[in-house]
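Engineer: got a predicted structure here, sequence first:
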Amino acid sequence: MAQDNSYRGVLTSDCEWLFILLNVNLDGEGDSYKLSRPFLTASVDSFTGKCINEDVSDMICGLLAHWVCC
């Protein structure tokens, strides 16, 4: 069986999300990673307080659900 050498992860501060893909070279040299642009799930509105960006929140939920299922 082939060994998978890719790892997925997420770094978050609750309002800002960064996705990371780590590729580990099995010989121990030349590992690499890719980092997404920041995705903001909320911003501060001066009148109402925190505003939730529903489109980004939906995208993050879909991506995490895909990771768990696949």
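Structural biologist: Yep, it's here.

Engineer: C-alpha only now, for contacts and for neighbours.
Structural biologist: OK.

Engineer: okay, the one helix or strand residue 63 maps to in PDB with CA atoms only?
Structural biologist: Mapping residue 63 onto the secondary structure by DSSP states H and E places it in helix 54-69. Written as PDB, here are the backbone C-alpha positions of helix 54-69 (Å, rounded to 0.1, in the frame of the first residue of the first chain):
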ATOM      1  CA  GLU A  54     -22.300  33.900   5.400                       C
ATOM      2  CA  ASP A  55     -20.700  33.100   2.000                       C
ATOM      3  CA  VAL A  56     -17.200  32.500   3.500                       C
ATOM      4  CA  SER A  57     -18.700  30.600   6.400                       C
ATOM      5  CA  ASP A  58     -20.600  28.300   4.100                       C
ATOM      6  CA  MET A  59     -17.400  27.700   2.000                       C
ATOM      7  CA  ILE A  60     -15.400  26.900   5.100                       C
ATOM      8  CA  CYS A  61     -18.100  24.500   6.400                       C
ATOM      9  CA  GLY A  62     -18.200  22.800   3.000                       C
ATOM     10  CA  LEU A  63     -14.400  22.400   2.800                       C
ATOM     11  CA  LEU A  64     -14.100  21.000   6.300                       C
ATOM     12  CA  ALA A  65     -17.000  18.500   5.600                       C
ATOM     13  CA  HIS A  66     -15.200  17.400   2.400                       C
ATOM     14  CA  TRP A  67     -12.000  16.800   4.300                       C
ATOM     15  CA  VAL A  68     -13.800  14.700   6.900                       C
ATOM     16  CA  CYS A  69     -15.700  12.600   4.300                       C
END
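
Engineer: show me where the protein has its strands.
Structural biologist: For the chain, applying DSSP state E gives strands covering 6-12, 16-23, 32-35, 39-40, 42-45, 49-52.

Engineer: buried deepest among the ones you listed, which one?
Structural biologist: Of the strands of the chain, the one with the most neighbours on average (mean count of other CA atoms under 10 Å) is strand 39-40, at a mean of 17.
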